[in-house]
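K.L.:
show me the folded form of this:
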Amino acid sequence: MSWPGCDFASAISAAAATPSGDRIFVALAGEPTIAIIDRYEEKVVATLPVGHPVAALRMDPDGRYLLAERDGQDSVAVISVAQARVI
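P.N.:
Purely as a prediction, here's the structure:
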């Protein structure tokens, strides 16, 4: 599967962009990580381990936090966008 400028081994299961659109967070099917794409560099600049495959992503309106719904679980990972880590 690919995103402009990025090739992924697995299918994309969810994606969410920051309000400014400078970064895109991509969850891959069956993988317990989230790839962070820099839209201007058009490449993956980091990956975040979230401990379980992700079913859905949602950005808060201010772009400070990303919620990652864990596939098959009743909990979410709360990710600080500024620090690029699960809090």
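K.L.:
Asp74: neighbour count?
P.N.:
Asp74: 6 surrounding residues under other C-beta atoms under 10 Å. Where you see a C-beta, it was placed from the backbone N, CA and C, and this is true even at glycine.
K.L.:
bridging residues for Ile37?
P.N.:
Using DSSP bridges, the bridge partners assigned to Ile37 are Ile24, Val44.
K.L.:
and the gap between it and Ala46?
P.N.:
According to C-beta to C-beta, to the nearest Å, Ile37 and Ala46 sit 9 Å apart.
K.L.:
so between the two, which is more surrounded?
P.N.:
Each of Ile37 and Ala46 has its neighbours counted (other C-beta under 10 Å); Ile37 has more, 22 against 14.
K.L.:
report the contact partners of the more buried one.
P.N.:
With contact taken as C-beta atoms under 8 Å, 6 or more residues apart in numbering, Ile37 is in contact with Trp3, Gly5, Cys6, Arg23, Ile24, Phe25, Val26, Lys43, Val44, Val45.
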